[in-house]
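K.L.:
sequence and predicted model, in that order:
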Amino acid sequence: MTTTQEKSIFVVIDGAQDGPFTLQAIQELLRQGHINQQTPYWQAGMAQWDQLGKLLPNDVPPPLQPPAPPVISPPPLAPAVAAPVAVPAPAAATFINPDAAPAIAPAVPQTLQLAPITSRLLGGLLDGIILAIPFGIGEVVVPLVGGLIIVVLYSALLMASPNQATLGQKVLGLKVVDLQGQRIGNDKAFLRAVMSVPSALLLWFGYFWALFNPKQQTLHDMVAGTCVIRDPARA
C-alpha cells in the first residue's frame, strides 16, 4: 500500500505547478517559506486540488526570527593628547613712587621702587664727570659728533650689562629695567641712549617729562619702554 510519504506531491509555487515532491521535500519548502498552509497541492488519488494545510495540519513552519543586528565594533579611541600648557606672559611689575605713599600696601611680591628724581640727576652728573675726565676738563678734545657717539655707547653698553646701570647710576644704587622689571637688552639700551641726546638738547625737556609721569619716565624712557628703579639689593 502506497503511503503519503511515498506519494509524489505537486504544489503551486508563484502561480505555476511544480513537482513532484516527496513529503520531506514539502516540509523543507514549508520551513524555508516557499510555500504555506494555503498553498494548493495535488497528489494521485485526489479528484481536485486542495490546500496543503489539510495534508500537513501540524507542519506549521516556525516563525522566522528577525536577523540578529550586526555587531558594530566601536572605533578605536584616539590616544589622549595632553592639552598644551599655556605659558602666562610675565606680569607687569608694580612700581612705587617714593614721593607719593601708596594708599594700599602693595600685594605683589616683586615690588620695584622707582628711583627719586634727585638720585637720577646726581647719577647723570657723575656720568658727565666720568666722561669728561679722559678728554680733559674745560677744553674740547673730540668733535661734538664723536663725543655724542661716545656718550651713547657708554650709556647703552653699561645699561645692557649685568649691572643694568651706568657708573653714575651704579654709585647711586639705581638700575634701568623694562616695564616688567626685567633686565633690558641691547636694543632697548641703545634706543634709550640715543633718545637721551635730543631729550637733553631740547632744553632738557625730555628729562622734565619725568615730573609729570606716574612712573617717572623721561621722554627717552617712554620711547624705549624703560624705567629707572632703586637697586632691590641695596634698597
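P.N.:
In hand now; what should we look at?
K.L.:
other residues contacting the one helix or strand D187 maps to?
P.N.:
D187 is part of helix 186-201, with elements assigned from DSSP states H and E. Helix 186-201 is contacted from outside by 148, 151-153, 155-157, 159-160, 176, 178, 184, 205-207, 209, 218-221, 223-226, using CB atoms under 8 Å, 6 or more residues apart in numbering. Any C-beta I mention is one placed from the backbone N, CA and C, and that applies to glycine too.
K.L.:
how about H34: what's its closest non-neighbour residue?
P.N.:
I13 (6.2 Å; CB to CB, 6 or more residues apart in numbering).
K.L.:
could you pull out the helices for this structure?
P.N.:
23-32, 52-55, 117-135, 144-159, 167-171, 186-201, 205-208, 219-224 (DSSP state H).
K.L.:
got the ones you listed as a markdown table, with mean neighbour count, mean pLDDT and distance to R234 columns?
P.N.:
Listed next are those as a markdown table, based on neighbours: other CB atoms under 10 Å; pLDDT from 0 to 100; distance: least, CB to CB, whole Å:
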| stretch | mean neighbour count | mean pLDDT | distance to R234 |
| --- | --- | --- | --- |
| helix 23-32 | 16 | 82 | 103 |
| helix 52-55 | 16 | 75 | 114 |
| helix 117-135 | 15 | 81 | 11 |
| helix 144-159 | 16 | 85 | 17 |
| helix 167-171 | 20 | 92 | 10 |
| helix 186-201 | 18 | 90 | 21 |
| helix 205-208 | 17 | 83 | 23 |
| helix 219-224 | 21 | 93 | 21 |
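K.L.:
so which of these comes closest to T39?
P.N.:
helix 52-55 (4.6 Å; CB to CB).
K.L.:
and the closest one, what other elements does it pack with?
P.N.:
Secondary-structure packing of helix 52-55 (3 or more CB pairs under 8 Å, 6 or more residues apart in numbering; DSSP states H and E): helix 23-32, strand 40-43.
K.L.:
out of these, nearest to P116?
P.N.:
Nearest of the helices and strands packed on helix 52-55 (CB to CB): helix 23-32, 106.1 Å.
K.L.:
from the contact counts, what lies against the closest one?
P.N.:
Secondary structure elements in contact with helix 23-32, counted by 3+ CB pairs under 8 Å, 6+ apart, are strand 9-13, helix 52-55.
K.L.:
residue contacts, V171?
P.N.:
Counting by CB under 8 Å, 6+ apart, V171 has contacts G123, L126.
K.L.:
same check, this time on the one 5 residues further on
P.N.:
If you count contacts by CB under 8 Å, 6+ apart, V176 has them with M159, Q164, A165, Q169, I184, A189, R192, T226, C227, V228.
K.L.:
can you redo those as JSON lines with distance to A47?
P.N.:
Shown next, in JSON lines, are those (distance: CB to CB, whole Å):
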{"residue": "M159", "distance to A47": "126"}
{"residue": "Q164", "distance to A47": "124"}
{"residue": "A165", "distance to A47": "129"}
{"residue": "Q169", "distance to A47": "131"}
{"residue": "I184", "distance to A47": "119"}
{"residue": "A189", "distance to A47": "123"}
{"residue": "R192", "distance to A47": "124"}
{"residue": "T226", "distance to A47": "121"}
{"residue": "C227", "distance to A47": "121"}
{"residue": "V228", "distance to A47": "127"}
